[in-house]
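Colleague: Sequence below, structure please.
(one chain, ligands or ions: 1)
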Amino acid sequence: MFVALFDKGNGLEKGQEYPFHIHENSIKNNDCETAGFGKDPNYKCDPSRPDKCEVGDLSGKYGDLIPDDDGNVIKKDYDAFIKLDGSSGVTGRSVVIHLSDANQTRYDCANIIVQNHKRKRNLRFLF
Ligand SMILES: [Cu+2]
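Modeller: Numbers count the residues shown, from 1 in each chain. Okay, the predicted model is just below:
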């Protein structure tokens, strides 16, 4: 499955790195705290062994988001472990972008909406 992340730059700053993960819940009332649990903060995955990574640890597998001069981020990667449906699927969950601070402050978030479901090939996160 292709994971595509496209950020139109709503305040992301050049020179900063932003971790991002899939979180367990969908977001309610535009409050990123309602996304619930994301990555285990005590587990760091090895990008060369994505099969050992938490499925939702996108920055662990593919690196943090690094904005360009205009604050835009386009990140695309093939991920063989993310599924759309089922108990471990991403449908109904969310993506959270964090600051690289000690608290992993939740900077922004969005619900995952599956498009082109017939193709089951393309997952896009739009912020
Ligand atoms: Cu997270």
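Colleague: mind checking how far the most centrally placed residue in the chain is from the ion?
Modeller: Centroid check for the chain by C-alpha atoms, centre = their mean gives residue 21 as the closest residue, at 3.7 Å. Separation of residue 21 from the ion (C-beta to the ion, to the nearest Å) stands at 3 Å. For the C-beta atoms, the positions are set from N, CA and C on the backbone; glycine is no exception.
Colleague: I'd guess that residue is in a strand, am I close?
Modeller: Yes - assignment of residue 21 by DSSP: H, G, I helix; E, B strand; the rest coil places it within a strand.
Colleague: Tell me which residues touch it, please.
Modeller: By C-beta atoms under 8 Å, 6 or more residues apart in numbering, residue 21 lies in contact with 38, 39, 54, 56, 57, 58, 59, 95, 96, 98.
Colleague: Distance of it relative to residue 70?
Modeller: Going from residue 21 to residue 70 by C-beta to C-beta, to the nearest Å gives 24 Å.
Colleague: Those residues of the chain touching the ion, which are they?
Modeller: Residues of the chain lying close to the ion (C-beta under 5 Å from the ion) are 21, 38, 96.
Colleague: Out of those residues, the closest to residue 31 would be?
Modeller: Here the nearest of the residues of the chain next to the ion to residue 31, counting by C-beta to C-beta, is residue 96; it sits at 11.2 Å.
Colleague: who touches the residue nearest to that closest one when sequence neighbours are not counted in this structure?
Modeller: Counting by C-beta to C-beta, 6 or more residues apart in numbering, residue 109 is the residue found nearest to residue 96 once chain neighbours are left out, at 4.5 Å. When contacts are counted by C-beta under 8 Å, 6+ apart, residue 109 touches 23, 27, 32, 35, 94, 95, 96, 97.
Colleague: Residue 109: what secondary structure?
Modeller: Criterion first, three-state DSSP; result for residue 109: strand.
Colleague: for the protein, what are the low-confidence residue spans?
Modeller: Within the chain, the stretches with pLDDT under 70 are 1-10, 115-127.
Colleague: residue boundaries of the helices in it?
Modeller: Taking DSSP state H, the helices of the chain run over residues 58-62.
Colleague: Surely residue 36 is in contact with residue 24?
Modeller: Yes - counting by C-beta atoms under 8 Å, residue 36 does reach residue 24; the two are 4.4 Å apart.
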